[in-house]
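Student: let's see this in three dimensions:
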Amino acid sequence: MKKKILDCAITDFLVYGFKNVTMDDLAQKLGISKKTIYDNFSTKQELVAEAANTIFENVSSTIQKIHREEIDPVKSLFDIKKEVTKYYNDVQNSPQYQLQKYYPEIWASIKSKELKKFGKLMIKSLEKGVKMGLFRADIDCEFISLLYFNGIRGIRDPKLFPPQHYKFEDLLIQYFSYHLNAIATPKGLELFNSYNAASKPWKHSLYFLHFGFPF
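Tutor: Presented below is the predicted three-dimensional model:
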């Protein structure tokens with residue numbers, strides 16, 4: 001029953017947002033009493049935390065799989081982008097927006113896991129890009145990875161970029177254009193543009209997503 005409740009909650013949280021879905025909504029959808037939900041999750045905060053962490057782990061597994069099977073670091077960026085952008089939108093019922101605004105402690109916990117989970121993967125990917133001649137040989141991979149994570153966190157901050165004023169896709173385009181131009185060789189840019197041209201409806205060059213968490 002606990003897994004059934006959690007699965008239903010995850011589905012609805014991703015569609016309607018963490019704040020908008022109530023325990024009454026879940027009970028009605030599952031055809032159970034609200035007491036049954038509270039027997040398994042003592043508070044909504046506990047349910048949100050478990051749902052957010054479950055989604056994080058699921059996405060993490062997919063990203064790790066992409067890296068294990070990657071042809072080159074540039075191609076993996078597009079594959080990761082496809083996975084991660086499933087969870088982003090620009091309205092205020094966005095799971096990411098609501099998690100940050102209404103459940104800041106859970107959001108902070110998730111953020112603390114990102115670097116631990118993906119930091120070494122990103123450094124390894126950057127190093128591979130350098131060996132393949134896609135990224136400049138003189139970059140400090142560890143330093144770049146830290147800058148990258150800091151930038152990703154910045155553009156996801158609704159206080160800095162309120163979703164009613166900024167479209168998340170546009171922020172990504174601007175941020176990653178800046179980032180890629182800072183580290184890529186002409187060969188890397190050429191490869192990126194070839195993938196980008198084949199990736200419709202994305203029409204902007206220098207657009208990619210790497211390691212961003214779906215909240």
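Student: quick one, helices of this structure?
Tutor: Taking DSSP state H as the test, the helices found in the chain are 2-16, 23-30, 34-40, 44-68, 73-84, 95-102, 104-131, 141-155, 168-183, 186-198.
Student: would TSV of these with mean neighbour count and distance to P162 be doable?
Tutor: Heads up, the C-betas are built off the backbone N, CA and C, glycines and all. Formatted as TSV, the helices of the chain follow (neighbours: other Cβ atoms under 10 Å; distance: least, Cβ to Cβ, whole Å):
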stretch	mean neighbour count	distance to P162
helix 2-16	17	20
helix 23-30	15	27
helix 34-40	15	33
helix 44-68	17	22
helix 73-84	20	21
helix 95-102	21	9
helix 104-131	16	16
helix 141-155	16	12
helix 168-183	17	11
helix 186-198	15	28
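Student: Serialize the ones you listed to JSON lines and add fields for mean pLDDT.
Tutor: Putting these into JSON lines (pLDDT from 0 to 100) gives the following:
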{"stretch": "helix 2-16", "mean pLDDT": "94"}
{"stretch": "helix 23-30", "mean pLDDT": "97"}
{"stretch": "helix 34-40", "mean pLDDT": "98"}
{"stretch": "helix 44-68", "mean pLDDT": "92"}
{"stretch": "helix 73-84", "mean pLDDT": "78"}
{"stretch": "helix 95-102", "mean pLDDT": "85"}
{"stretch": "helix 104-131", "mean pLDDT": "90"}
{"stretch": "helix 141-155", "mean pLDDT": "89"}
{"stretch": "helix 168-183", "mean pLDDT": "78"}
{"stretch": "helix 186-198", "mean pLDDT": "85"}
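Student: okay, now F18: neighbour count?
Tutor: Neighbour count for F18, taken as other Cβ atoms under 10 Å: 28.
Student: my guess is it contacts K101. True?
Tutor: No. Taking contacts as Cβ atoms under 8 Å, F18 lies outside contact range of K101: 9.2 Å.
Student: want to throw the helices of the chain into a markdown table with distance to F161?
Tutor: A markdown table is the format used below for these (distance: least, Cβ to Cβ, whole Å):
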| stretch | distance to F161 |
| --- | --- |
| helix 2-16 | 21 |
| helix 23-30 | 29 |
| helix 34-40 | 34 |
| helix 44-68 | 21 |
| helix 73-84 | 17 |
| helix 95-102 | 10 |
| helix 104-131 | 15 |
| helix 141-155 | 6 |
| helix 168-183 | 6 |
| helix 186-198 | 23 |
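Student: what sits against H179?
Tutor: H179 makes contact with 148, 151, according to Cβ atoms under 8 Å, 6 or more residues apart in numbering.
Student: and N53, by the same measure?
Tutor: 109-110.
Student: could you rerun that using 10 Å?
Tutor: Going by Cβ atoms under 10 Å, 6 or more residues apart in numbering, N53 touches 106, 109-110, 113.
Student: and T185, how far is that from D138?
Tutor: Distance, T185 to D138, by Cβ to Cβ, to the nearest Å: 11 Å.
Student: those two: which has the busier surroundings?
Tutor: In this view T185 and D138 are compared by other Cβ under 10 Å, and T185 has more residues nearby, 16 against 7.
Student: ok, now which ones touch the more buried one?
Tutor: T185 touches 129-130, 132-137, 191, counting by Cβ under 10 Å, 6+ apart.
Student: could you check the pLDDT of it?
Tutor: Per-residue confidence (pLDDT) for T185: 96.
Student: please report how far it lies from Y166.
Tutor: Going from T185 to Y166 by Cβ to Cβ gives 31 Å.
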